[in-house]
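**Student:** what's the 3D shape of this:
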Amino acid sequence: MIFKNARVITPQGIIETDFEVEEGKIVKIKKEITGDGKDLSGYYILPSVIDGHTHFNSRYLGSKEIIPTADDYKSGSEVALAGGVTTVINFIDPLNRGVIEAVKEEIEKAKTTAGFDFSFHLIVKRKEQINYLDEVFKLGVKSVKMFMAYKGSMQADDETIYLTMRKVKELGGTVAIHAENGDVIEALQEEYKDKKEAIYHAITRPIEVEEEAVNRASMLAYLTGVKAYIVHISSPTSLDIINFWRKKGANIYGETCPHYLIFDESYYERPDGYRFIMSPPLRKKEMREELVRKINMVDTLGSDYSGFMSVYKDKALSYIEVPNGVSSTEFLVPTIISFMFQGLITPENVAKITSENQIKLYNIKEKGFKVGSDADFAVIKREEWQVKDWHGKMDYSIYEGVKFNARVVQTYLRGELVFDEDYKGSKGYMIKREEIT
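**Tutor:** I've put the predicted structure just below:
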């Protein structure tokens, strides 16, 4: 099939071209390919959007009871593809299962139910889990995630992080870090233990506990030489810290999420403020605005999908008990393309933080806008619209009422139309990742 008159957002800027797809692959990219085809005049094309940060088919990681995310791989596919996201990298928490058993189980679940292409990060919490990484990498899972927060449930100490980074470096993989100082957070929560209101989530996780942990994680990455990145950055200063360590020689990168670019901590003052609790928390308006001004310093944009139904959020007895997370996946592309239309980010950097940098960071093969790659792309219309509904199982959205200047009208996965006003159904595959050399 030939796609004509496309305005494709690439690392070289917006290029106007035709492209041809055969058997799910891009076989030709040039102007005026002869033959009939689909006319994309008036639309923007964003190729191969990769969300490297999702928790589909998961549970609240900071809880001792099982609180499931609203969306699994099946409904999560509807969420992602409606937003132009064609590949996700999801997290595996072994919980009480054996590490290898957990990895094999998640891969099989995704293979049988996912409509997007996928890969995984393994969550490592304990030193003994390092012993399983050789086999985990052979199964195709070539990155791990570690937490510096959630003391008593998820938090790994610095020694474990250092040793894990060293092993992942040896295996040619990538380490993702949730950077918040869990010890200080626990002390602050004890200090405010009599408080219940949502705003105390922000008060007990001040921006400095993120910045300190970002510095510590970057130092550990520098010492081990591993390729690492800090997930869900909410502080503009965190970007400066990462930049400092990168100049020093660390192989360190930074990710932010759409919700940190759009919303601020005033949402915690609302009667339904519990519903918008995530970690790190939303920040003050001035910090959000500065983060937006520094958007061109961000390496990747991830959604951190961690949606929980309102019944689990609303019944919490205090801010400490609220399952953390929101569902941003469907609105990742509208957010960043709206910013592009507003002149806040260049087209070149849009392509980099939604696709090209992910391809390099996770060593993904067969993705990107080039001959021989999978024909994955979102078709975007420039128009103003307001969020009134959304896809998936969530019964509320932090994005309700938000106005965007960009709408995803179609999504293609390997040349197949999988979203057009609604999800059409699709078959996802586990993506190939090679060792980082």
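**Student:** work out which residue lies at the spatial centre of the chain.
**Tutor:** Centroid-nearest residue in the chain, with C-alpha atoms, centre = their mean: Gly302, separated by 2.4 Å.
**Student:** wait, it touches Cys257, no?
**Tutor:** Yes - shown here, Gly302 and Cys257 form a contact pair, counting by C-beta atoms under 8 Å, at 6.0 Å. C-beta coordinates here come from the backbone N, C-alpha and C atoms, glycine included.
**Student:** who touches both of these two?
**Tutor:** Common neighbours of Gly302 and Cys257, counting by C-beta atoms under 8 Å, 6 or more residues apart in numbering, are His53, His232.
**Student:** mind jotting down where the helices sit in the protein?
**Tutor:** 73-82, 99-113, 133-138, 158-171, 182-191, 199-203, 207-224, 236-248, 258-262, 285-293, 310-314, 332-341, 347-351, 357-361 (DSSP state H).
**Student:** low pLDDT regions in the stretch 301-437 of the chain?
**Tutor:** 436-437 (pLDDT under 70).
**Student:** hmm, back to that, most tightly packed of the helices of the chain?
**Tutor:** Mean neighbour count, computed with mean count of other C-beta atoms under 10 Å, is highest for helix 73-82 among those, reaching a mean of 26.
**Student:** coming back round to it: in CSV, list the helices of the chain along with distance to Tyr268.
**Tutor:** Written out in CSV, the entries for those read as follows (distance: least, C-beta to C-beta, whole Å):
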stretch, distance to Tyr268
helix 73-82, 24
helix 99-113, 33
helix 133-138, 38
helix 158-171, 30
helix 182-191, 15
helix 199-203, 4
helix 207-224, 14
helix 236-248, 20
helix 258-262, 13
helix 285-293, 12
helix 310-314, 12
helix 332-341, 20
helix 347-351, 30
helix 357-361, 31
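**Student:** nearest to Val379, of those helices?
**Tutor:** helix 332-341 (10.6 Å; C-beta to C-beta).
**Student:** which helices and strands does the closest one pack with?
**Tutor:** Packing partners of helix 332-341 (3 or more C-beta pairs under 8 Å, 6 or more residues apart in numbering; DSSP states H and E): strand 44-47, strand 49-54, helix 258-262, helix 347-351, strand 377-386, strand 403-413.
**Student:** what lies in contact with that helix?
**Tutor:** 9, 44, 46, 49, 51, 83-85, 258, 261-262, 292, 295, 301-303, 328, 345-347, 350, 353-354, 378, 380, 382, 404-408.
**Student:** just the buried residues of those.
**Tutor:** Neighbour counting with 16 or more other C-beta atoms under 10 Å marks 9, 44, 46, 49, 51, 83-85, 258, 261-262, 292, 295, 301-303, 328, 345-347, 350, 353-354, 378, 380, 404-408 as buried within the contacts of helix 332-341.
**Student:** residue contacts, Ile233?
**Tutor:** The contact partners of Ile233, by C-beta under 8 Å, 6+ apart, come to Glu210, Val214, Leu239, Ile242, Gly254, Glu255, Thr256, Tyr260, Pro280, Leu291, Val298.
**Student:** next one: Val103
**Tutor:** Neighbouring residues of Val103 by C-beta under 8 Å, 6+ apart: Ile92, Pro94, Phe120, Leu122, Val136, Leu139, Val141.
**Student:** same check, this time on Arg275
**Tutor:** Here Arg275 is in contact with Ser310, Lys313, Asp314, Val326, Tyr396, Ile398 (C-beta under 8 Å, 6+ apart).
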